[in-house]
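1. Predicted model, plus sequence, below.
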Amino acid sequence: MTEALDKMKVEFIGREESVQAVAAACQDTGEVPERYVRPKMDADPLIADAEGYALPTIDMSRLLNPESSEEESAKLGAACEHWGFFQLVNHGVDGELLGQTKADVAAFFGLSPEEKSAVAMPPGGMQGFGHHFVFSEEQKLDWADLLFLVTRPVEERSLGFWPTNPSTFRDTLDKYTLELANVTEQLFRFMAKDLGVDHEALLGTFRGLPQCVRVNYYPPCRQADRVLGLSPHTDGVGMTLLLHVNDVQGLQIRKDGEWYPVVALPGALIVNIGDVLEILTNGKYKSIEHRAVVNPDTERITIAAFHSAHLSCTIGPLPELGNARYRAMDGVEFTKGYFAAKLEGRRYLESLKL
Ligand SMILES: O=C(O)CCC(=O)C(=O)O
Ligand SMILES: [Fe+2]
């Protein structure tokens, strides 16, 4: 996949500046550099206490228990159809491993800029410590640094971008991402059950469970309501599992045209359906626009694990799910188109509708 990503010739502009350093420099004055100030934030109100708004919670232990599996699978299906997002509890990922993952990730972002630059993203590259989706000198910038790594298939890892400080980082990430790949595979099986499709047909598209990880670091900002940590987007993958490293909230999802905050349960994984699964399910499951806001006082760190289609697989609606409502294409063409559309909400996905 690394090679294929390189071949896609995504035209990103490299950006040297660490937002963590920008944030530190403007902490005293509270002034935010113009390139980060969003003009339209007020036009996009946040609905915090809407009645009936509660992100569904899915319990993996109930999915796995034959006595409750059918009921929980139906609940899972309803969450994917109506929300495109849910919280996964009792997911079985070892608590100690979760703790170590959080500690190692936080320790990496706590290093000095010089130390972090040991794994800096090269200009025009995808992996390492840096920024994504900077297409022009004029574009508003996200208030976040990131560390992006290909984690699966194992033979496609570029270990040069994997931090060695803290010394446990690589081993911990290896174990954590394997656990998440297993959780993802189980979820695909229960989704296939809910959809009434052959699970091999669904799993085949994700052969070998290609996986990338993006660690998001959002520094605090005294003018938090004037910047965005992560611009509105959908994920161009099958499914994403998000872990909150510290208990600072900031994820928002767009539902029925309004922005709603997600309040993550301690220890839960936030799961969302990506564009590829919306296409495969012929629109039954929804890939929902989301964004991240910044906290005025506290840093926020999250780990998103993306599970993508195999690049050589066809991405198109499963024939069992009725007349195709989306155009079919291979994984490389899909991913190229996703990046070329510059993450403008659901625009790319909509353009694939027949
Ligand atoms: O950090 C978050 O809350 C959202 C992260 C996200 O959407 C992403 O990395 O794609
Ligand atoms: Fe996302």
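-> Thanks, I have it. Since the structure is predicted, the reported quantities are computational estimates derived from the model, not experimental observations. Ligands and ions are numbered 1, 2, ... in the order given.

2. give the contact list for the closest residue to ligand 1 within the stretch 151-300 of the chain.
-> Of all residues in the stretch 151-300 of the chain, the one sitting closest to ligand 1 is L251 (3.4 Å; C-beta to the nearest ligand atom). For the C-beta atoms, the positions are set from N, CA and C on the backbone; glycine is no exception. By C-beta atoms under 8 Å, 6 or more residues apart in numbering, the contact set of L251 is L242, P261, V262, A264, I270, H290, R291, A292, T302.

3. tell me which residues in stretch 27-36 are buried?
-> V32, Y36 (16 or more other C-beta atoms under 10 Å).

4. average pLDDT for it?
-> For stretch 27-36, mean pLDDT is 82.

5. close to ligand 1, is stretch 134-143?
-> No - on the criterion C-beta under 6 Å from any ligand atom, stretch 134-143 is out of touch with ligand 1, staying 10.3 Å away.

6. Now do that stretch: distance to the chain's middle.
-> In this view, stretch 134-143 has its centroid 19 Å away from the chain centroid, taken as C-alpha atoms, centre = their mean, to the nearest Å.

7. what does stretch 248-259 give?
-> Centre-to-centre, stretch 248-259 and its host chain are 14 Å apart (C-alpha atoms, centre = their mean).

8. could you give the mean pLDDT of it?
-> On average, stretch 248-259 scores 90.

9. again, but for stretch 114-133
-> Per-residue scores along stretch 114-133 average to 88.

10. Stretch 84-94 too?
-> 97.

11. before we move on, what about stretch 136-148?
-> 86.

12. Start and end of that stretch, how far apart?
-> End-to-end distance of stretch 136-148 (C-alpha to C-alpha, to the nearest Å): 20 Å.

13. cool, and stretch 252-266?
-> Across stretch 252-266, first to last residue, C-alpha to C-alpha, it's 17 Å.

14. That one: which residues count as buried?
-> Q252, I253, R254, K255, W259, Y260, P261, V262, A264.

15. for stretch 119-128, same thing?
-> By neighbour count on 16+ other C-beta under 10 Å, the buried set for stretch 119-128 is V119, A120, M121, G125, M126, Q127, G128.

16. likewise stretch 298-311?
-> So, applying 16+ other C-beta under 10 Å, buried residues of stretch 298-311: 299-311.

17. Repeat that for stretch 211-224.
-> Result for stretch 211-224 [16+ other C-beta under 10 Å]: buried residues 211-222, 224.

18. Tell me which other helices or strands whichever strand or helix holds A106 touches.
-> Here A106, judged by DSSP states H and E, is contained in helix 95-109. With contacts taken as 3 or more C-beta pairs under 8 Å, 6 or more residues apart in numbering; DSSP states H and E, helix 95-109 sits against helix 169-195, strand 211-218, strand 239-244, strand 300-307.

19. May I see these arranged in CSV, with mean pLDDT as well?
-> Below are the helices and strands packed on helix 95-109 laid out as CSV (pLDDT from 0 to 100):
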stretch, mean pLDDT
helix 169-195, 97
strand 211-218, 97
strand 239-244, 98
strand 300-307, 98
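
20. TSV for the ones you listed, including distance to V276?
-> Converted to TSV, those look like this (distance: least, C-beta to C-beta, whole Å):
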stretch	distance to V276
helix 169-195	12
strand 211-218	13
strand 239-244	8
strand 300-307	9
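
21. Pull the distance from the one helix or strand E350 maps to to the chain's centre.
-> E350 belongs to helix 347-351 when assigned by DSSP H and E. Here helix 347-351 is found 18 Å from its chain centre; the criterion is C-alpha atoms, centre = their mean.
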